[in-house]
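>>> sharing a model that was predicted from the sequence below.
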Amino acid sequence: RLEASVAAARASMAKEQARRSYTDLGKFLHRRGDLNGALKALLRTRDYCSSPLQAGESCALVVMVALDLGNTMQVNSHVAKAEHSGGLEPATGAQLKAAAALTLLKNKDYKAAARKFIEAAEGLG
């Protein structure tokens, strides 16, 4: 029984280390301007999340890189995933709503974008 517990703990530590490594790599590549590489690394991060908060943060990072790439489908998909993860801090939720609003602006859906920006502002305070 204890051996199984140790094995589970070891696997959990490896999972957390992999998540952190992919996150760091994604942030590094994003700063360097390698947006496609950053997106790839950050997409892998989600596979190693062990809590709703980690999943929400992972999706938020993907959204930021996808915005820089102009990839509205990735933005919308990961905003929805983050919102459904249930592990978002209010500021992160507001950022995601603003990102969704930007994609609506790009698609010339001004009324819906305005509503999203209002939701984002309400989430901040």
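Received, thanks.

>>> which residue ranges form the helices in the chain?
Taking DSSP state H as the criterion, the chain contains helices spanning 2-32, 35-45, 52-69, 72-85, 90-106, 110-124.

>>> just name the most buried of those helices.
Across the helices of the chain, the average number of neighbours (mean count of other CB atoms under 10 Å) peaks for helix 52-69, which reaches a mean of 21. Where C-beta positions appear, they are placed from N, C-alpha and C, glycine not excepted.

>>> packing partners for the one helix or strand in the chain whose mean pLDDT sits lowest?
Taking mean pLDDT, DSSP states H and E as the measure, helix 2-32 is the helix or strand of the chain with the lowest mean score, a mean of 83. Judged by 3 or more CB pairs under 8 Å, 6 or more residues apart in numbering; DSSP states H and E, the packing partners of helix 2-32 are helix 35-45, helix 52-69.

>>> can I get the ones you listed in a markdown table including mean pLDDT?
Written out in a markdown table, the entries for the helices and strands packed on helix 2-32 read as follows (pLDDT from 0 to 100):
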| stretch | mean pLDDT |
| --- | --- |
| helix 35-45 | 94 |
| helix 52-69 | 93 |
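
>>> give the contact list for the closest residue to A18 other than its chain neighbours.
Spatially, and ignoring its direct neighbours in sequence, A18 is nearest to Y48 (4.7 Å; CB to CB, 6 or more residues apart in numbering). Y48 sits next to K15, E16, A18, R19, Y22 when contact means CB atoms under 8 Å, 6 or more residues apart in numbering.

>>> per-residue pLDDT of Y48, please?
Note on Y48: pLDDT of 87.

>>> how close does it sit to G123?
Using CB to CB, to the nearest Å, Y48 is found at 27 Å from G123.

>>> sorry, back to before: could I get the helices and strands packed on helix 2-32 as a markdown table with distance to G93?
Putting those into a markdown table (distance: least, CB to CB, whole Å) gives the following:
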| stretch | distance to G93 |
| --- | --- |
| helix 35-45 | 18 |
| helix 52-69 | 8 |
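
>>> closest to K81 out of those?
In this view, the helices and strands packed on helix 2-32 are compared for proximity to K81 by CB to CB, and helix 52-69 is the closest at 4.9 Å.
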